[in-house]
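J.: Any chance you could fold what I've pasted below:
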Amino acid sequence: MRPFPPMILVLLLWCAGLGAAAQFGKISILYETLRATYGANGEVALGLVVSIVGMVGLIFGTTAGLLVARIGPRRAIVAALAAGAAMSAIQVLMPVYPLMLFSRIVEGASHLAIVVVGPTMIATLAPEKSRPLAMTLWSSFFGVTYAALALIGPYATPTGLFLGHAAYMAVLAVVLALTLPPDPKGAPAPMRNLLAQHATIYASPRLAAPAMGFCCYTFLYVAILTLLPPETPLTHRALIAAGMPLASILVSLTLGVWLLRRMSAVRLVQAGYLVAIPGFVILWAFWGNGAGMILGGFWLSAALGIVQGASFASIPELNTSADDRARAAGAVAQLGNLGTTTGTPVLAALLAATGPSGLTLAATLLCALGILLHAVQARRRGAFTI
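T.: Next up, the predicted model:
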């Protein structure tokens, strides 16, 4: 078969990312509907149906990066898509709670493999000139999926959504199996002591830097998307809820890509955090005012969109080999899930206790931490390389 153009393969891998994001989103938009079936198990049990996918990534993110480097990215992503299709097919039946929870755990492993392989293969396949665009496109997969599901949500039924997702993942598994280049031949990398390999990854200023900067982003961004709309006057609520993720995507794919061709990804992550700080100050100054909330929300969404795209672009910028990129992507998945899991409850509690001033102070400190972490790691890279 004639090889597919690299950017077509990049688009197909991005489509796999959309399917991975839908593993979260499909349950989120069906949450109230699923309450009728699984609500008798309690709110915590129902919440686990949503969150356990992220918990798998939080626990096994870096391990997944090591496994992908061992078994090969093509095999890993095809198997992950096939497993995801099978689990959605099971969910069509609305099985008993233990089986539903098991299917979500398997989906967590499937999701994790896709989000590790996606940026790793895209960085390898994309031509150097197009790599900033390709990595920024990859970074948009969550926002695009949630925007699409928000449109589908009012008309979705569990059967239709699960069946559609199963078919989507199955078709992509076949397409990628036929189009992706074969995995490199040779002996797989040995799986030595996992704790020691984790320590090696997080001790490295090249492998760990993208993940450390990204954790601050996920801590802030998911929480802000969750907390701001309810605090905005009703007449402006729909605009801020729908507009913030779209602003992030638009700015990252336009201004973000343009800037990545003119400065390093690490510097751009730091610049994005710096520019986000005035957005939080605007929110504090105009809290509860519709126009002020929209201005502040859109400002910080645009700035954090820059951070999002540049964080993924920093993976290939700092790591040249496919194995190192897989390990760095695994760390991004792990610390990204840590931020996603902890950000909303922490900032919600802070907002309830101290109001918008406490939220603004915490967000400013998180932005400063993101800048500082990259500065420390850059200084370490100047001294030695791991």
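J.: Where do the domain boundaries of the chain fall?
T.: 6-191, 199-383 (automatic domain parsing).
J.: Tell me which residues of stretch 372-382 come out buried.
T.: For stretch 372-382, the neighbour count (16 or more other CB atoms under 10 Å) marks 372-374, 377-378, 380-381 as buried. (C-beta placed from N, C-alpha, C; glycine too.)
J.: After the helix or strand hosting Gly296, heading C-terminal, what element do we hit next?
T.: Here Gly296 sits within helix 290-318, counting by DSSP states H and E. Next helix or strand after helix 290-318 toward the C-terminus (DSSP H and E): helix 322-354.
J.: Show me how far that following helix is from its chain's centre.
T.: In terms of CA atoms, centre = their mean, to the nearest Å, the gap separating the centre of helix 322-354 from the centre of its chain is 9 Å.
J.: average pLDDT across that helix?
T.: Taken as a whole, helix 322-354 has a mean pLDDT of 83.
J.: Buried ones in it, by neighbour count?
T.: Applying 16+ other CB under 10 Å to helix 322-354 flags 322-344, 347, 350-351 as buried.
J.: Distance check, the closest residue to Phe4 other than its chain neighbours against Ala173.
T.: Nearest non-adjacent residue to Phe4, counting by CB to CB, 6 or more residues apart in numbering: Thr179, 4.9 Å away. Distance of Thr179 to Ala173, computed by CB to CB, to the nearest Å: 11 Å.
J.: and those two? which has more neighbours close in?
T.: Ala173 (22 against 15; other CB atoms under 10 Å).
J.: Surely that one and Leu81 touch.
T.: Yes: Ala173 lies in contact with Leu81 (CB atoms under 8 Å); the separation is 3.7 Å.
J.: The buried residues of stretch 372-382 in helices, which ones?
T.: Counting by DSSP state H, those place 372-374, 377-378, 380-381 in helices.
J.: Turn the residues you listed into a markdown table, including pLDDT and distance to Ser248.
T.: A markdown table is the format used below for those (pLDDT from 0 to 100; distance: CB to CB, whole Å):
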| residue | pLDDT | distance to Ser248 |
| --- | --- | --- |
| Leu372 | 95 | 23 |
| Leu373 | 94 | 21 |
| His374 | 94 | 20 |
| Gln377 | 92 | 24 |
| Ala378 | 90 | 25 |
| Arg380 | 89 | 30 |
| Arg381 | 86 | 28 |
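J.: Kindly reformat those residues as JSON lines and extend each row with distance to Ala223.
T.: Output for those, formatted as JSON lines (distance: CB to CB, whole Å):
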{"residue": "Leu372", "distance to Ala223": "20"}
{"residue": "Leu373", "distance to Ala223": "19"}
{"residue": "His374", "distance to Ala223": "21"}
{"residue": "Gln377", "distance to Ala223": "24"}
{"residue": "Ala378", "distance to Ala223": "27"}
{"residue": "Arg380", "distance to Ala223": "29"}
{"residue": "Arg381", "distance to Ala223": "30"}
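J.: Looking at these, spot the one nearest Thr124.
T.: Arg381 (21.7 Å; CB to CB).
J.: Pull the contacting residues for that closest one.
T.: 205-206, 209, 318 (CB atoms under 8 Å, 6 or more residues apart in numbering).
J.: now swap in Ala326 and tell me
T.: Contacts of Ala326 by CB under 8 Å, 6+ apart are 65-66, 68-69, 73, 116-117, 120.
J.: looking at the residues you listed, which has the most residues close by?
T.: Val116 (34 neighbours).
J.: That residue touches Gly336, doesn't it?
T.: No: the criterion here is CB under 8 Å, and Val116 misses it with Gly336 at 11.0 Å.
J.: Could I get the buried residue list for the strand or helix carrying Trp14?
T.: Assigned by DSSP H and E, Trp14 belongs to helix 6-29. Of the residues in helix 6-29, 6-7, 9-10, 12-27, 29 count as buried by neighbour count, 16+ other CB under 10 Å.
J.: elements contacting it?
T.: helix 43-71, helix 73-91, helix 97-125, helix 131-139, helix 141-152, helix 158-179 (3 or more CB pairs under 8 Å, 6 or more residues apart in numbering; DSSP states H and E).
J.: List the residues that contact the residue nearest the centre of the chain.
T.: The chain has Phe142 as the residue nearest its centroid, 6.1 Å off, counting by CA atoms, centre = their mean. Neighbour list for Phe142: 17, 21, 24 [criterion: CB under 8 Å, 6+ apart].
J.: Which pLDDT value belongs to it?
T.: For Phe142, pLDDT reads 80.
J.: Please apply the same query to the one 5 residues further on.
T.: We have a pLDDT of 77 for Ala147.
J.: Please name the residues that touch it.
T.: Contacts of Ala147 (CB under 8 Å, 6+ apart): 242, 245-246, 249.
J.: If any of those residues are buried, give me the ChimeraX selection for them.
T.: ChimeraX command restricting the contacts of Ala147 to the buried ones, with burial defined by 16+ other CB under 10 Å:
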select :245,249
